[in-house]
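>>> sequence unknown, structure follows:
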Ligand SMILES: C[S@@+](CC[C@H](N)C(=O)[O-])C[C@H]1O[C@@H](n2cnc3c(N)ncnc32)[C@H](O)[C@@H]1O
């Protein structure tokens, strides 16, 4: 077997194992959101971002950068953050950030459950029901800052969305908008 095949094969195997390991660890695969969902989220962000200086937006579980990169391109005036645990998707998103020269985008390779998110005004997620339940427990508390959460595909259990849109695609994916924290009405 030529050594190049061996190297490429080993690297591919490592990549697959690494993604499998992260998926087991987080319980969320690094599957990118659909193009249509992204378009809806970007339009919603344009509507919901408060008219204030220094607003920060974050994609919790930024994967390959499929949403964080378009967010940073569409809103160069805002600081965008991505949090991702899986190193290969994170690395690819870092390369894309460099390729597009997105100085307003910070991509953290870390667990968003352990990150201080108090400074983030708008959160975007595409996760799973269990992780959404954990996020609700953490972020929808009176002592938490007021902020907006836009969730692709998965609702926050026990919380009424302020608005839900359906993406015009095969599964009619729901996109829910929530107001979290101190000023929520349903507490
Ligand atoms: C379905 S992907 C979504 C990717 C991207 N947001 C998009 O819309 O294309 C979810 C990502 O969340 C990451 N993730 C899940 N839990 C996490 C955690 N606690 N901290 C950081 N990343 C996490 C997973 O590794 C996965 O890559």
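Cool, got the structure. Treat the numbers as computed from the prediction; the structure is a model and nothing was measured.
>>> Let me know the next secondary structure element after the one helix or strand residue 23 maps to.
Per DSSP states H and E: residue 23 is located in helix 3-26. Counting by DSSP H and E, the element after helix 3-26 in chain order, helix or strand, is helix 35-48.
>>> Close to the ligand: what parts of this protein are there?
Taking CB under 6 Å from any ligand atom as the measure of proximity, the chain contacts the ligand at 22, 26, 28, 30-33, 59, 61-63, 66-67, 83-86, 89, 111-113, 126-127, 131. For every residue, glycine as well, the C-beta is placed using N, CA and C.
>>> For the residue nearest in space to the middle of the chain, which non-adjacent residue is spatially closest?
Centroid-nearest residue in the chain, with CA atoms, centre = their mean: residue 59, separated by 2.8 Å. In space, and not counting its chain neighbours, residue 59 is closest to residue 68: 4.4 Å by CB to CB, 6 or more residues apart in numbering.
>>> from memory that neighbour sits against residue 61, does it?
No - proximity of residue 68 to residue 61 does not meet the contact threshold set by CB atoms under 8 Å, at 9.8 Å.
>>> These two: which has the busier surroundings?
Shown here are residue 68 and residue 61; by other CB atoms under 10 Å, residue 68 has more neighbours (28 against 24).
>>> What values do phi and psi take at the more buried one?
phi -60, psi -40 (degrees, to the nearest 10).
>>> looking at this protein, which helix or strand is least sure?
Averaged element by element with mean pLDDT, DSSP states H and E, the chain has its least confident helix or strand at helix 3-26 (a mean of 90).
>>> From the contact counts, what lies against it?
For helix 3-26, the contact count by 3 or more CB pairs under 8 Å, 6 or more residues apart in numbering; DSSP states H and E identifies helix 87-99 as packing neighbours.
>>> and whichever helix or strand comes after the helix it packs on, which residues are buried?
Next helix or strand after helix 87-99 toward the C-terminus (DSSP H and E): strand 105-108. For strand 105-108, the neighbour count (16 or more other CB atoms under 10 Å) marks 105-107 as buried.
>>> Identify the neighbouring strands of strand 105-108 in the sheet and state each direction.
Strand pairing for strand 105-108, determined by DSSP bridges: strand 79-83 (parallel).
>>> for the partner strand, the distance to its chain's centre please.
Chain-centre distance of strand 79-83: 9 Å, with CA atoms, centre = their mean, to the nearest Å.
>>> cool, stretch 109-117 as well?
Mean-position distance between stretch 109-117 and its chain equals 12 Å (CA atoms, centre = their mean).
>>> same deal with stretch 35-51?
13 Å.
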